[in-house]
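Q: sequence first, then the predicted structure, then my questions.
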Amino acid sequence: MKLQLHFCLLIIVAISLNACQKESVLYAEEGEELAGGATTFFNNSRNAFSFSAPNLKGLQALQFTTGNSFFNQSWVSAVASTTGRDGLGPLFNETACSGCHFKDGRGRTPQFGETFGHGMLIRLSIPGVDQHGGPLAAPMYGGQLSPGGISGIQGEGTFEIQYTEMIGTYEDGTTYSLRNPTYTFHDLAYGNLDNNLLFSPRVANQMVGMGLLDAIEISAIKAFVDESDIDGDGISGKANLVYNRATNSMDLGRFGWKAGQPNVRQQVAGAFVGDLGITSTLFLDENHTNLQTDCQNVPNGNNSNGYELDDQTLDRVELYSSTLAVPGRREWKSQEVLQGKALFLKANCQKCHVQKYTTGTHPKFDALSNQTIYPYTDLLLHDMGEGLADNRPEYLADGQEWRTAPLWGIGLIETVNGHTELLHDGRARNIEEAILWHGGEAEASKESFRTMSLEEREKLVLFVKSL
Amino acid sequence: MRTFLKFFTILLVIGLFSLIACKKQQDFDKEAMLSGIITESILPSYQQLSIDHQSLETTCINFEQNPSTTSLEQVQEAWKTTMQSWSVVEMLVFGPGRENYRYTKLDNTPIKSTFIENAIADTVLIDSLYIVDRSSYTKGLASIEYLLFDANSNPSNLLNLYQTDANKERRFAYLLSCIKNTKALINELKMEWSGVYGTTLSQGVGNSSQEGIAAFSNAIVHMSQTLAVKKLAKPLGKESGNQLLHPEYLESPYAHFSWDIILYNLKGIQQIFGTSDAGLGSYLNYLVNDDALTTGIVEQAKKIETLIKARQLTLFDDLTTNTAEVEAIYQEMSQLYIDLSGSVATYFSITILANPDDGD
C-alpha cells in the first residue's frame, strides 16, 4: 500500500514537473521555407525578385530572358527605327514595365520632395459601370491619370500627397502614429477633372509568384468564399467576377489591388495599354479618350494586325511575369519567428492571409503545376473598413473592399526597393502600420495585435518579415 | 571606274573608323580593373576587418576575465573599430555570401533587445550552436553593440550587469558566442573573396566582366541610396506627415556611432569608385572620354566626407540640436546618389541589375 502511494506521488510529481516546463520548442512545418515550391530561389540581395524559377527548363528558360528584356527596356514613340518597341503613348505613366516594378519589386509614393512616385498611379472613373460591369472611365481623363506624353502631347497632370498623422495607443500604453493621405491634382492639361470623379491611388506590386497564383484552381479559391459569413467568424470573403477579354466571359478576378484582372496575361496587357499606351490583341484601343483630340491623329506603332504589342512579345512578357522565382523564407526556423507565427494564427490573420495551396495544372508553364506554395492570401475581397476605403468600386468590389494582398516577399521589399511602404497607396510605412490600418472584417485581428505585449508584437512582425 | 574607286575608298575609310571605335571599347582592360578593385580594395578591407574583429574577441575575453571600467572601454573601442571596418565592406551584398544570408547574420538592425534579454534570463545552454539558430535580430554586430553599450550612457549600470548581476555568466556567454559567430562569418566571406569567387568575378568567367561591373555598380548605387534615404532622410522625418524627427530610426542607438558608420560606408563607395586603374571611375572616364563626370562624383563624395568629419556631436544629438547641418548632409548625399545612379545607368550599359539571367 505504502509502495503504491509512493508510486502515485511520483507520477503526480512527474506530471507537475512536465506542466511547469518552459514553453515547448516550436518547429517549422516541413517545406514551409519553400514559399514557391520548386519555383523557390533563396536569395536576399537586391535582386531577390528577379530570378527565374529554378525549375524552368529548356526553351521556356530562354524565353524568360527575352521577356526580361522586354520588361526592362524602354519603349519609344512611333515612328522609330525599331518596330519591336515602338508605340509608346500618346499618354503614359512610364516608358518601361520596370519603371513601376523596379527590379520586379514594389512601387512607392513620391518621396522627399519628388513630384512623382516610383510605381504609383491614380486610377480614375465616374459612378456607373461599363458594358461588362467594370469601372466607367471618366469622359475626359479616362481610366488613369497619365503624367507623361510623347512629343507634342501634354501629360494629363500630376498629383501631390499630404499626410495627417493620427495617433493611436497600444494596450500597454505606448503610442503609434499612422499617416492618413489626402490628394491634390496639379498641372491638369485637359481642363478640370471630370465631375463626380472617383479616384484610387495604387502602388505597383512586386511581381513574384504571379504565375503560381494563376495556377491555383478556382475551386480552391472558392472554398474560402463566405460572403454571408455563414460560419459567423466575422470574415466574409467574396470572389470578384471580372471581364475576361480573351474568352469574352466573366471570370474569377485574381490580380490587382481589387482583383480586377482574371489572369496574368490580361494583367500584363492591361498594364501595357494603361501605363505605357501600348495596344495589344486584348486591348485594341489607345489609352486616351475621344475628348483628348490632340491624341487622335498621333502616329502609332501598329503592326499588320492593327495593334502595337506583337503576340509573341506579349507571350514572352507573360511568361516572364509568370515564372519569376519566389524568394525563399528567411529565418523560418528561429524560435522568435515561429512564436510570431503562432501569434499570427492566434490573431486569425490566416483567415484571409491563407497560408498554403497546392496549384493545379498550369496550361502553359509546367514549372508552375502541382506546387505546394505559401502565398498567404485567399485572393478574395474583404471589407477593410472606412479608413482604407477608396470609395471606387471595381466590378463586384465596393469602395471599402480590397483583395487580400499576398505576403510572400514582403520582408524583402526594403532590400530590393529601398523602402518599406505597404498597402494600396503606400501609406503604411512598415508592417506594423499596415496591420494597424486593418479595419472592417479585419478589425478583430487588428485589435488582437493592438492588445499584444511589445514582445508579442515584435515577434509577429518578425514572422511577417520572414515571408 | 573612278566612281567605283571613290565609292570603295569611302567604304574603306568608314570601315576603318568603325574598327578603330570597336577596338577602343575593347581596349579597356575590364578584368584588370575588377582584379584591382578586389586586390587593392576588397581584400585589404576584409583583412583589416579580420584583424579588428580579432581584437574585439581578445578584448572581450579579457573583459570576461577582468570586468572593469577599463576593460569595458577597451572592448567598446574594439567594437567601434570593427564597425568601421565592417562599414567599408557592408555594401558587398552579392556573391556566394548572399545566398547563405551571411551579410544579414553579420549585421541586421534594429535588433530585438527583449529577445536577447529573454535568452539571457532563460536556462538553456548558450553556446555557438545556440547562436547559430537565433534570428539575425538577436545576434551579429548590432546585437554585440547592445550588449556592450548602454543607451542611457550610464556605464556603472552596464558594468553591474557583468560584475554582480545574477545572470552575468550567461550574458558573457551570449556576448562571446555572438562574437565567435561573427568571426566565423567574416572568415567565410574573406575566403570567398580571396578564393574562387574573387577570381571568377575578376576574370569575368562565365558571363563576361560585365557581371562584375554590374555587381559593384549595384553595390555603390544601393549604398548611396541607403545612406540618403534610410540613414538620414527617415530620421529627419521626411516620410511623416508632421515632419517630426525620428531618432529611433538611427543606426547604432546604443553606441551612438552613426556618423562613423555613415562615413565608413561612404569610404567603401569611394574605394570602389576611385579613379585609379582599380576603380569604376577609371572605366567611366574611358567611356565618356573625359574625366569631368568622375571628378564631379569624387569631389561630391569628398565634400560629404568633409562635412561629416566636421561634426562634433553624435548624429543622435546633431539630429535635434543641429538639424539644418544634418539636412545639408542629406541633400549632398541625395545628390551623390543621383550622380552615381545616373552615370552608371547611362554609360555602363547596365540597368542596375546584376542578375546573370538578365537578357540585356
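A: Happy to help now that I have it.
Q: and the stretch 51-200 of chain A, which residues reach chain B?
A: Applying CB under 8 Å from any CB of the partner chain, we find that the stretch 51-200 of chain A lies next to chain B at A:51-52, A:64-69, A:72-73, A:98, A:103, A:111-112, A:162-165, A:177, A:179-180. For the C-beta atoms, the positions are set from N, CA and C on the backbone; glycine is no exception.
Q: pull out the buried residues from those residues.
A: In terms of neighbour count (16 or more other CB atoms under 10 Å in any protein chain shown), the buried residues within these are A:51-52, A:64, A:66-69, A:72-73, A:98, A:103, A:111, A:163, A:177, A:179.
Q: among those, which lie within strands?
A: A:Y163, A:S177, A:R179 (DSSP state E).
Q: what mean pLDDT does stretch A:134-153 get?
A: The pLDDT scores in stretch A:134-153 average 94.
Q: and it, how far out from the chain middle?
A: Offset of stretch A:134-153 from its chain centre (CA atoms, centre = their mean, to the nearest Å): 23 Å.
Q: end-to-end on it?
A: With CA to CA, to the nearest Å as the measure, the ends of stretch A:134-153 fall 28 Å from one another.
Q: just stretch B:136-156 next, same as before
A: End to end - CA to CA - stretch B:136-156 spans 28 Å.
Q: so it, near chain A or not?
A: Yes: against chain A, stretch B:136-156 shows contacts by CB under 8 Å from any CB at B:S136, B:Y137, B:T138.
Q: residue nearest the middle of the chain, spatially speaking?
A: No chain specified, so I'll use chain A. Nearest residue to the geometric centre of chain A (CA atoms, centre = their mean): A:N205, 4.3 Å.
Q: my bad, the chain I had in mind was chain B
A: B:E90 (2.5 Å).
Q: what's the closest non-adjacent residue to it?
A: Computed as CB to CB, 6 or more residues apart in numbering or on different chains, the closest residue to B:E90 that is not its neighbour in sequence is B:N265, at 6.2 Å.
Q: from B:M223, how far out is that neighbour?
A: Using CB to CB, to the nearest Å, B:N265 is found at 6 Å from B:M223.
Q: and for these two, which residues touch both?
A: By CB atoms under 8 Å, 6 or more residues apart in numbering or on different chains, B:N265 and B:M223 have these common neighbours: B:E90, B:M91.
Q: helix or strand for the closest residue to the residue nearest to the centre of chain A other than its chain neighbours, just tell me which one.
A: The shortest distance from A:N205 to any non-neighbouring residue, by CB to CB, 6+ apart, is to A:R106 (6.3 Å). According to DSSP states H and E, A:R106 maps onto no helix or strand at all.
Q: helix, strand or coil for whichever residue of chain B sits closest to chain A?
A: Residue nearest to chain A within chain B: B:G241 (2.8 Å; CB to the nearest CB). Three-state assignment for B:G241 (DSSP: H, G, I helix; E, B strand; the rest coil): coil.
Q: cool, and A:T184?
A: Per three-state DSSP, A:T184 ends up strand.
Q: count the neighbours of it for me.
A: 9 (other CB atoms under 10 Å in any protein chain shown).
Q: what segments of the stretch 51-200 of chain B are helices?
A: B:69-89, B:96-99, B:102-106, B:113-121, B:128-132, B:140-148, B:155-163, B:168-194, B:196-203 (DSSP state H, counting those that start in this stretch).
Q: hang on, the earlier thing: mind checking the SS state of the residue nearest to the centre of chain A?
A: A:N205 ends up coil, using three-state DSSP.
Q: check contacts around the residue nearest to A:N205.
A: Each residue near A:R106 by CB under 8 Å, 6+ apart is listed here: A:G119, A:V203, A:A204, A:N205, A:Q206, A:I413, A:V416, A:N417, A:H419, A:E421.
Q: low-confidence regions, the stretch 51-200 of chain A specifically.
A: Within the stretch 51-200 of chain A, the stretches with pLDDT under 70 are A:112-117.
Q: residue of it closest to chain B, please.
A: Proximity of the stretch 51-200 of chain A to chain B (CB to the nearest CB) peaks at A:Y163, 2.8 Å away.
Q: burial measure for the residue lying closest to that residue once chain neighbours are set aside, as a count.
A: Nearest non-adjacent residue to A:Y163, counting by CB to CB, 6+ apart: B:G241, 2.8 Å away. Neighbours of B:G241 under the rule other CB under 10 Å: 19.
Q: do A:L454 as well
A: 12.
Q: can you pull the contacts of it?
A: A:L454 makes contact with A:Y170, A:D172, A:T174, B:T114 under the criterion CB under 8 Å, 6+ apart.
Q: export those to CSV and tack on neighbour count, secondary structure and distance to B:L227?
A: Putting the contacts of A:L454 into CSV (neighbours: other CB atoms under 10 Å in any protein chain shown; DSSP: H, G, I helix; E, B strand; the rest coil; distance: CB to CB, whole Å) gives the following:
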residue, neighbour count, secondary structure, distance to B:L227
A:Y170, 16, coil, 32
A:D172, 13, coil, 34
A:T174, 10, coil, 29
B:T114, 16, helix, 29
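Q: now, which of these sits nearest B:A215?
A: Set against B:A215, the nearest of the contacts of A:L454 by CB to CB is B:T114 (36.9 Å).
Q: can you tell me, leaving aside adjacent residues, what's nearest to the closest one?
A: A:E455 (4.7 Å).
Q: any idea which helix or strand carries that neighbour?
A: helix A:454-465.
Q: re earlier: out of the buried ones among the residues of the stretch 51-200 of chain A next to chain B, which sit inside helices?
A: Among these, the members found in helices (DSSP state H) are A:F64, A:T66, A:G67, A:N68, A:S69, A:N72, A:S98.
Q: measure the residue lying closest to A:N244 once chain neighbours are set aside to B:V88 for me?
A: In this structure, A:N244 finds its nearest non-sequential neighbour in A:D251, 3.9 Å apart by CB to CB, 6+ apart. Going from A:D251 to B:V88 by CB to CB gives 54 Å.
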